[in-house]
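Undergrad: sequence and computational prediction follow.
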Amino acid sequence: MLVAGALKLTSLCPAKVNGRFTGQIAAKLEEANARVKRQGGGRRPHGGQKPPPPPNNNIAPPPAPENPAPAPPVTAAPAPTTAPGPVTEAPSECATASNVYRSADGSCNNLDNPAWGASLAPFRRLLPPAYQYVNGNNGPLLAPLTLSGAALPNVRQVSATVHTPGNRPDRSFPVMVMQWGQFLDHDVTARTPVETSGTACCSTNLTESGAAQHSDVSSGGPCFPILIGDNDRFFNTLDSRCLEFVRSLRTLPDGETEEQQVNLLTAYIDGSNEYGTSVEETNDLRGDDGLLLEGNEGQLPAGDDGTCNLSGDNDYCLKAGDSRPNVFPGLGALHTVFLRQHNKIARALKANHTDWNNETVFQETRKIVGALIQHITYTEYLPNIVGTAAMATYGLNSDSSESYDTEVDATLANVFSAAAFRFGHSSIPASLQVDGANVPIQNVFNDPNLVLNNLMGVVNGLLRAPAQEVDRWYTVGMTNHLFENGSRTGTDIVSLNIQRGRDHGLRPYNDWRDFCSLDRIEDFHQMGPDGNVFQRVYSTTNDIDLYSGALSERPVAGGSVGETYACLLGMQFRDLKNGDRFWYERTSSEGFTAAQLTEIKKMSLSGVLCDAFDDQLQIQPKAINLAVDDNARVGCGLISRMNLDAW
Ligand code: HEM
Ligand SMILES: [Ca+2]
């Protein structure tokens, strides 16, 4: 069913909502969408006052002094981030909130602030946005904040100059590290674009020369397409010289003066990618006896997200709790593996407790699966991403004491979704290894064929082939051929990411370094050998887009990302832990008994994978690391598992 005709996804956004949202969610989205349209795409800041006169070209004011930078990322933990402003919904809503199970949409996790981290909550701002107020609208950031005149460099030009093709296989991590990142990402964040009434943004034959911006940019409309220069080495033959881009939906949170983009998902790491983010969605995925519905045996059920392309006669499009399981086979594979984990646990619990009804079996299982995703994320994934120092600084290591703090708002930060957690796009390899063959990634986007027909081949490839290093180099599969369906019909993930940052008004790289108490980059040479390529596109270091600048930093010790992303990711994962009333290590009634927690901690991603394939794998114990040295592959018999008799 279409969402009351109000939200229609166009082009390439993976967060398809057609046919997905009903009831309250649809109504809220419709309201936000209608408001953006009514206001010509944006609402003035500061309670409807006209924005302050433009210091140069209508630019948003610099960070307000009341937003102090946190302490340095690796020396002292910044204070927990608490959301300003009033409580958005009456706490009485939470009168019946469970202290055993999470709600479907994440509401009432925080009993004082029920909307924190819930589906459809606006993202949080760690720094004020830098919109460009074109005609009073929250226009995207177009010009430097520090200089008058010149526009920011075209994002495709930044992509083609800075994020050139490169093949730098990682020496520590298999593709699984990338795949876990995307799976986790789809548990915590998805934005939605503004409706465009079905008209493609690139239909007006735009070129980069002259006053080249789509007319929506000054009128505050949804289109903000990416223009392609004549000298582009790949897309220069396109008629319209333009890549589709629709701005994200914005809403004005109660009591605030700046519009924010909206997160469709529950911020909490709660398995919403398996279970959906509303009761309706969850019910749609459920079967009898606490089970999740399967399509073919042991496979995800069928559902059309509107983007999937079928290549096999008996194939069907996959459905999961998040709308994007078809995007990449490795992702569909992890969704399937966790579907199997759910059903395996549910069957075991039902066998042990024949008196439990469907609801109890389902919720107990969901609770365990959410805990497994948290456990794998914090013990196996994050240390390899943010490094040992940030793990300690932000309190991300396993805890024996209670870390829950009702003052901590787990709602995702805008900068996390629109830039920082997109670092993973750099680790995507040029091809997916399946049964020894290398399949170019552009051949498998949006096609569930491999998931449905060779799940084990996909998983073995994720475990064995190296990921790419997180750095400024990209595979052309992502920068020229993303979602390609015919010659030169694809798009560029880097251009999308940088343009998205500007769409959301994210401040430039140096402001975020400041925020993280890191030195500003005053001179391109401070960026080491990479400084040259940045200098070719940016006139000053203060203009550098966060996405690009932070990606090219040297990785922190033991991690994959540089110091700026280690700070921004560390802070978010701290809040996702300390602000989650259902954090799996809690000793209160929201958590598990000591015996149950001991069992959960015996599990690992390799354990979940072994379960999914009836122990028919040769697998390294640490599935997110390559099988080298003390992590050599073993039979599943040697991989520890939990014992559900503790329930
Ligand atoms: C083959 C793998 C992947 C593909 C094809 C893919 C594709 C995309 C696309 C097309 C977008 C939307 C861009 C936009 O219009 O703003 C996106 C967003 C995003 N991606 Fe990926 N991605 C992949 C893997 C990853 C990985 C490994 C991570 C993290 C480790 C990641 C994190 C994100 C995040 C955080 C967003 C923003 C989500 C939102 O809030 O809407 N992605 N991705
Ligand atoms: Ca979630």
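TA: Structure's in. What do you need? Numbers count the residues shown, from 1 in each chain. Ligands and ions are numbered 1, 2, ... in the order given.
Undergrad: could you use CA atoms for every contact and neighbour count after this?
TA: Will do.
Undergrad: residues contacting the residue in the stretch 201-350 of the chain positioned nearest to ligand 2?
TA: Nearest residue of the stretch 201-350 of the chain to ligand 2 (CA to the ion) works out as residue 266 at 3.9 Å. Shown in contact with residue 266 (CA atoms under 8 Å, 6 or more residues apart in numbering): 105-106, 117-120, 187-189, 272, 277.
Undergrad: give me that answer again for 10 Å
TA: With contacts defined as CA atoms under 10 Å, 6 or more residues apart in numbering, residue 266 is in contact with 103-107, 116-121, 186-190, 272-273, 276-278, 410-412.
Undergrad: now do the strands in the stretch 151-300 of the chain.
TA: For the stretch 151-300 of the chain, the strands defined by DSSP state E, counting those that start in this stretch cover 169-174, 226-227, 242-243, 250-251, 260-261.
Undergrad: remind me what the first one packs against, helices and strands.
TA: Think strand 169-174. Under the contact definition 3 or more CA pairs under 10 Å, 6 or more residues apart in numbering; DSSP states H and E, strand 169-174 sits against helix 455-464, strand 466-468.
Undergrad: could you list the residues in contact with that strand?
TA: Under CA under 10 Å, 6+ apart, the answer for strand 169-174 is 175, 384, 427-429, 461-470, 560, 623-628.
Undergrad: stretch 479-497 close to ligand 1?
TA: Yes - counting by CA under 6 Å from any ligand atom, ligand 1 has neighbours in stretch 479-497: 496-497.
Undergrad: one step back: including mean pLDDT, could the strands of the stretch 151-300 of the chain go into TSV?
TA: Formatted as TSV, the strands of the stretch 151-300 of the chain follow (pLDDT from 0 to 100):
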stretch	mean pLDDT
strand 169-174	97
strand 226-227	92
strand 242-243	90
strand 250-251	88
strand 260-261	93
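Undergrad: save these as TSV, and put in distance to ligand 2 and mean neighbour count too.
TA: Putting the strands of the stretch 151-300 of the chain into TSV (distance: least, CA to the ion, whole Å; neighbours: other CA atoms under 10 Å) gives the following:
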stretch	distance to ligand 2	mean neighbour count
strand 169-174	25	19
strand 226-227	30	26
strand 242-243	30	24
strand 250-251	20	26
strand 260-261	17	24
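Undergrad: among these, which comes closest to ligand 1?
TA: Set against ligand 1 and scored by CA to the nearest ligand atom, those come closest in strand 260-261, at 9.4 Å.
Undergrad: show residues contacting the closest one.
TA: 32, 120-125, 129, 191-193, 247-253, 414, 418, 503-505.
Undergrad: among these, which are within reach of ligand 1?
TA: 191, 418.
Undergrad: show me what contacts residue 383?
TA: Contacts of residue 383 by CA under 10 Å, 6+ apart are 377, 389-392, 396-397, 558-560.
Undergrad: tell me which of those is nearest to residue 523?
TA: residue 560 (24.4 Å; CA to CA).
Undergrad: sorry, back to before: will you turn the strands of the stretch 151-300 of the chain into a markdown table that also has distance to residue 343?
TA: Shown next, in a markdown table, are the strands of the stretch 151-300 of the chain (distance: least, CA to CA, whole Å):
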| stretch | distance to residue 343 |
| --- | --- |
| strand 169-174 | 27 |
| strand 226-227 | 44 |
| strand 242-243 | 42 |
| strand 250-251 | 38 |
| strand 260-261 | 35 |
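Undergrad: to residue 217, which of those lies closest?
TA: Per CA to CA, nearest to residue 217 of the strands of the stretch 151-300 of the chain: strand 226-227, 11.5 Å.
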